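Colleague: Provided below are the primary sequence and the corresponding predicted coordinates.
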Number of protein chains: 2
Amino acid sequence: MEAEKIIGIVGGAGPFAGLDLQTKILNQTDATQDQEHLTIINLSQPNQLTDRTAFLLGETAVNPAQAIFQQLQLLERAGTAVAAIPCNTAHAPVIFDVVLAQLKAAGSRLTFLNMVYETAQYIHQHHPGIKRIGVLSTTGTYRVRIYPDLLETIGFEVLVPDEVVQKTAVQPAIYHPQHGIKACGKATPQSRNWLLQSIHHLQQQGAEAIILGCTELPLAITENRIETMQVIDPTTILARALIREANPAKLRPLL
Amino acid sequence: MEAEKIIGIVGGAGPFAGLDLQTKILNQTDATQDQEHLTIINLSQPNQLTDRTAFLLGETAVNPAQAIFQQLQLLERAGTAVAAIPCNTAHAPVIFDVVLAQLKAAGSRLTFLNMVYETAQYIHQHHPGIKRIGVLSTTGTYRVRIYPDLLETIGFEVLVPDEVVQKTAVQPAIYHPQHGIKACGKATPQSRNWLLQSIHHLQQQGAEAIILGCTELPLAITENRIETMQVIDPTTILARALIREANPAKLRPLL
């Protein structure tokens, strides 16, 4: 049997999303006692990870790719063989592809999973009937069309909120300094209401499924279905992909 | 200003307790955006950490001290300056003192906090009126009297469950293969009922406060008070102690 691989999490983007990924890895692992769980190194170093959305919107020139690369190197030196970053915005090609290039140049042997690609594959396999997919995300992910560009290539129709809903409901649900999920470290009634409004808005456009395309969103929206729509949580999909790479025998069956 | 220290967690004992400590560090940190949070490395490597209770009960000869020491060394090499293990049972002197001796012999500069000592200090400072303290724990911690030995030295009267309650309620709440917190990764109605029975049993003996002396217990008992009793959560106290050591300016005021 091949040895179990050590899982690494670039867990500071944001820190509560890092915890949520680690929780989901534990929940998706077939284990009934402590010792059966996989080895996970969660490096939560948020002060080095400049805001991904701010970079994509041109508000800062500092590409967070450099910090992500350095954190992956630290994880690899500590024994990690497969890693991921639970931040959709960090999957913008201008960030993610730079990290991949740096890893390659450094001779890294790390498998660095792509959450957006894993999510697209998952929908393709497990929900083949779904064609029209709504995506909620930060304004950074929204502007650079991370999910639409990938999903449209493989035949999905992608719906996103209009500019007003994005600015007044989705982005504040994540970033509002009093009511936002990042500031509070959890869902607030206000952040959940903003998101439910946005989901309703996408349903009216015909969405059959909703991708929670920012890793803070599953902290506020925990349902598998809302009305007629399937809710897709990329963090859970990423957790399952990490277990599959580390030791597929320990992956719990899908409920 | 002194540089902020990196916090290390020996997070696999058990993995859900490791997550709980990390969550509590985030919740006790004064931060409104990702970048203000402290750096935390959570090393969850449970397959190396043989069961602490089994060692104390003589069911295995393998002292988990060696694995704890190795994991602390890995954390120190990765940059950690202050670390802890959120497992009360690992604080039995036959385990914890061995780890301290190994760190010293290896020339480690790590500050390795003692959760049981921090808890005793906290009660002394913040609840000076309390004299009679009930303690719930694994049977390992119970047998070697980790809390009684420390708390009685500094003048507290310590109450523990009788043998029957320990065997039929407290230990199964933690370890039962179907209903226990370790197996389920969260509280179950059955595990919570067992614990509430045990707390009631200690109250009848005159307890004014209850220490949740196993890091799985705060997953099931989240109240600050039960009836007339103060509930003491060593995981929250340890989280605050780690922040105090890493950067005291970021410690949230006590509620």
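Modeller: Received the coordinates, thanks. Residues are numbered from 1 along each chain as shown, chains lettered A, B, ... in the order given.
Colleague: contacts, neighbours, all on C-alpha from now
Modeller: OK.
Colleague: strands of the stretch 51-200 of chain A, start to end?
Modeller: Counting by DSSP state E, counting those that start in this stretch, the stretch 51-200 of chain A has strands at residues A:80-84, A:111-112, A:132-136, A:157-159.
Colleague: which one of the ones you listed lies closest to chain B?
Modeller: strand A:80-84 (10.9 Å; C-alpha to the nearest C-alpha).
Colleague: for that closest one, C-alpha coordinates in CSV please.
Modeller: C-alpha atoms of strand A:80-84 as CSV (Å, rounded to 0.1, in the frame of the first residue of the first chain):
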residue,chain,number,x,y,z
THR,A,80,3.1,18.0,2.9
ALA,A,81,2.5,16.1,-0.4
VAL,A,82,-0.9,17.5,-1.5
ALA,A,83,-2.1,21.0,-0.7
ALA,A,84,-4.8,23.5,-1.5
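Colleague: mean neighbour count and distance to chain B added to the strands of the stretch 51-200 of chain A, as TSV?
Modeller: Listed next are those as TSV, based on neighbours: other C-alpha atoms under 10 Å in any protein chain shown; distance: least, C-alpha to the nearest C-alpha, whole Å:
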stretch	mean neighbour count	distance to chain B
strand A:80-84	23	11
strand A:111-112	19	19
strand A:132-136	24	20
strand A:157-159	18	28
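Colleague: closest to B:Thr39 out of those?
Modeller: Comparison of these against B:Thr39 by C-alpha to C-alpha identifies strand A:80-84 as nearest, at 17.6 Å.
Colleague: by contact count, what packs against that closest one?
Modeller: Strand A:80-84 is packed against strand A:6-10, strand A:111-112, helix A:234-246, with contacts defined by 3 or more C-alpha pairs under 8 Å, 6 or more residues apart in numbering or on different chains; DSSP states H and E.
Colleague: could you dump the strands of the stretch 51-200 of chain A to a markdown table with distance to A:Ala90?
Modeller: Below are the strands of the stretch 51-200 of chain A laid out as a markdown table (distance: least, C-alpha to C-alpha, whole Å):
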| stretch | distance to A:Ala90 |
| --- | --- |
| strand A:80-84 | 10 |
| strand A:111-112 | 13 |
| strand A:132-136 | 15 |
| strand A:157-159 | 20 |
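Colleague: just put those in CSV and tack on mean pLDDT.
Modeller: Below are these laid out as CSV (pLDDT from 0 to 100):
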stretch, mean pLDDT
strand A:80-84, 98
strand A:111-112, 98
strand A:132-136, 97
strand A:157-159, 97
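Colleague: for the ones you listed, which one sits closest to A:Ser198?
Modeller: Comparing the strands of the stretch 51-200 of chain A by C-alpha to C-alpha, strand A:132-136 comes nearest, at 7.8 Å.
Colleague: not counting its own residues, what contacts that closest one?
Modeller: Among residues not part of strand A:132-136, those counted as contacts by C-alpha atoms under 8 Å, 6 or more residues apart in numbering or on different chains are A:142, A:147, A:156-161, A:170, A:198-199, A:202-203, A:206-214.
Colleague: recalculate using a threshold of 6 Å.
Modeller: When contacts are defined by C-alpha atoms under 6 Å, 6 or more residues apart in numbering or on different chains, strand A:132-136 is touched by residues A:157-160, A:202, A:207-213.
Colleague: between those, which sits nearest chain B?
Modeller: A:Gly213 (17.9 Å).
Colleague: what's that closest one in contact with, if anything?
Modeller: A:136-137.
Colleague: what do you get if the cut-off is 10 Å, keeping everything else the same?
Modeller: Remark: with contacts taken as C-alpha atoms under 10 Å, 6 or more residues apart in numbering or on different chains, A:Gly213 is in contact with A:87-89, A:115-116, A:119, A:134-138, A:141-142, A:146-147, A:232-235.
Colleague: mind checking which of the strands of the stretch 51-200 of chain A is nearest B:Ile123?
Modeller: Here strand A:80-84 is closest among these (C-alpha to C-alpha), at 39.7 Å.
Colleague: who does the closest one pair up with?
Modeller: strand A:6-10 (parallel), strand A:111-112 (parallel) (DSSP bridges).
Colleague: past the first one, which element shows up next along the chain?
Modeller: Spelled out, it's strand A:6-10. Proceeding N to C from strand A:6-10, the next assigned helix or strand is helix A:15-27, under DSSP states H and E.
Colleague: who are the packing partners of that next one?
Modeller: Applying 3 or more C-alpha pairs under 10 Å, 6 or more residues apart in numbering or on different chains; DSSP states H and E, one finds that helix A:15-27 contacts strand A:6-10, strand A:40-44, helix A:181-184, helix A:234-246, helix B:15-27, strand B:40-44.
Colleague: can you pull the buried residues of the fourth one?
Modeller: What it means is helix A:234-246. Neighbour-count burial for helix A:234-246 flags A:234-243, A:245-246 (criterion: 16 or more other C-alpha atoms under 10 Å in any protein chain shown).
Colleague: of these, which is the nearest to chain B?
Modeller: Checking the buried residues of helix A:234-246 against chain B by C-alpha to the nearest C-alpha gives A:Ala246 as the nearest, at 13.3 Å.
Colleague: any idea how far the residue found closest to that closest one once you drop the neighbours it is linked to in the chain is from A:Ala249?
Modeller: Counting by C-alpha to C-alpha, 6 or more residues apart in numbering or on different chains, the nearest residue to A:Ala246 once its immediate chain neighbours are dropped is A:Lys5, at 4.4 Å. From A:Lys5 across to A:Ala249, the span is 12 Å (C-alpha to C-alpha, to the nearest Å).
Colleague: more crowded one of the two?
Modeller: Shown here are A:Lys5 and A:Ala249; by other C-alpha atoms under 10 Å in any protein chain shown, A:Lys5 has more neighbours (18 against 12).
Colleague: so that one touches A:Leu38, yeah?
Modeller: Yes. In this structure A:Lys5 lies within contact range of A:Leu38 using C-alpha atoms under 10 Å: 8.2 Å.
Colleague: one step back: which of the helices and strands packed on helix A:15-27 has the lowest average pLDDT?
Modeller: Per-stretch mean pLDDT for these is lowest at helix A:181-184 (a mean of 88).
Colleague: name the residues of that helix that are buried.
Modeller: Within helix A:181-184, the residues scored as buried using 16+ other C-alpha under 10 Å are A:181-184.
Colleague: so what touches it?
Modeller: Applying C-alpha under 10 Å, 6+ apart, the contact partners of helix A:181-184 are A:13-17, A:172-178, A:187-188, A:190-192, A:216-217, A:219-220, B:27, B:31-34.
Colleague: how about the helices in chain A?
Modeller: Under the criterion DSSP state H, chain A contains helices at A:15-27, A:52-56, A:65-77, A:93-105, A:115-126, A:139-143, A:146-153, A:163-165, A:171-175, A:181-184, A:189-204, A:234-246.
Colleague: spatially nearest residue to the residue of the stretch 51-200 of chain A found nearest chain B (excluding sequence neighbours)?
Modeller: Residue of the stretch 51-200 of chain A nearest chain B, by C-alpha to the nearest C-alpha: A:Ala183 (4.4 Å). Sequence neighbours aside, B:Thr32 is the residue nearest to A:Ala183 in space, at 4.4 Å (criterion: C-alpha to C-alpha, 6+ apart).
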